[in-house]
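Engineer: Fold the following.
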Amino acid sequence: MGLVFSEIQLRNPSKSNLQPIKVNALADSGAVHLCIPEHIKIQLQLNEVDQKEVTLADGSRKLIGYVGPIEIKFKNRIGFSGALVMGDQVLLGAIPMEDMDLIIIPSNRKLDVNPNSPNIASSIVM
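Structural biologist: As a prediction, this is how the structure comes out:
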């Protein structure tokens, strides 16, 4: 399938005086969380609210800082999430993608809104 990158906007909703940041995020439905690098945490003035023990791709475990809330915007969708502070690029995982009703289109390696609900995010609650 290849890697899927897409431009998203990140904002700290508790700091209305700060400008949002546009970033090129790796959309990965195999990942779970939103992950941001340290420099994004600093730019958005996000406070660490917790730590999470995460299992990395190689099977090792690591304690990682967790910050939030973060507002995520993509096209006509807005979601709120916490984020793990790790790595050197923004990673958009399955939880925020599901929350915003986004899909990955493998044939053209593109992130998009769900075509079955183009105007408003849809979700299953049961």
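
Engineer: Look at Lys41 and tell me its secondary structure.
Structural biologist: Taking DSSP: H, G, I helix; E, B strand; the rest coil as the rule, one finds Lys41 in the helix state.

Engineer: thought Leu3 was touching Ala25?
Structural biologist: No: using C-beta atoms under 8 Å, Leu3 makes no contact with Ala25, being 11.0 Å away. Where C-beta positions appear, they are placed from N, C-alpha and C, glycine not excepted.

Engineer: Compare those two and say which one has the larger neighbour count.
Structural biologist: Neighbour tally, Leu3 and Ala25, criterion other C-beta atoms under 10 Å: the higher count belongs to Ala25, 25 against 8.

Engineer: Now do the host helix or strand of Asp112: which elements does it pack against?
Structural biologist: In this assignment (DSSP states H and E), Asp112 forms part of strand 110-113. In terms of contacts (3 or more C-beta pairs under 8 Å, 6 or more residues apart in numbering; DSSP states H and E), strand 110-113 is packed against strand 102-105.

Engineer: and if we set it to 10 Å?
Structural biologist: Applying 3 or more C-beta pairs under 10 Å, 6 or more residues apart in numbering; DSSP states H and E, one finds that strand 110-113 makes contact with strand 5-11, strand 21-27, strand 61-74, strand 102-105.

Engineer: Please produce JSON lines containing these, extended by distance to Gln51 and mean pLDDT.
Structural biologist: Below are the helices and strands packed on strand 110-113 laid out as JSON lines (distance: least, C-beta to C-beta, whole Å; pLDDT from 0 to 100):
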{"stretch": "strand 5-11", "distance to Gln51": "21", "mean pLDDT": "98"}
{"stretch": "strand 21-27", "distance to Gln51": "23", "mean pLDDT": "98"}
{"stretch": "strand 61-74", "distance to Gln51": "5", "mean pLDDT": "97"}
{"stretch": "strand 102-105", "distance to Gln51": "27", "mean pLDDT": "97"}
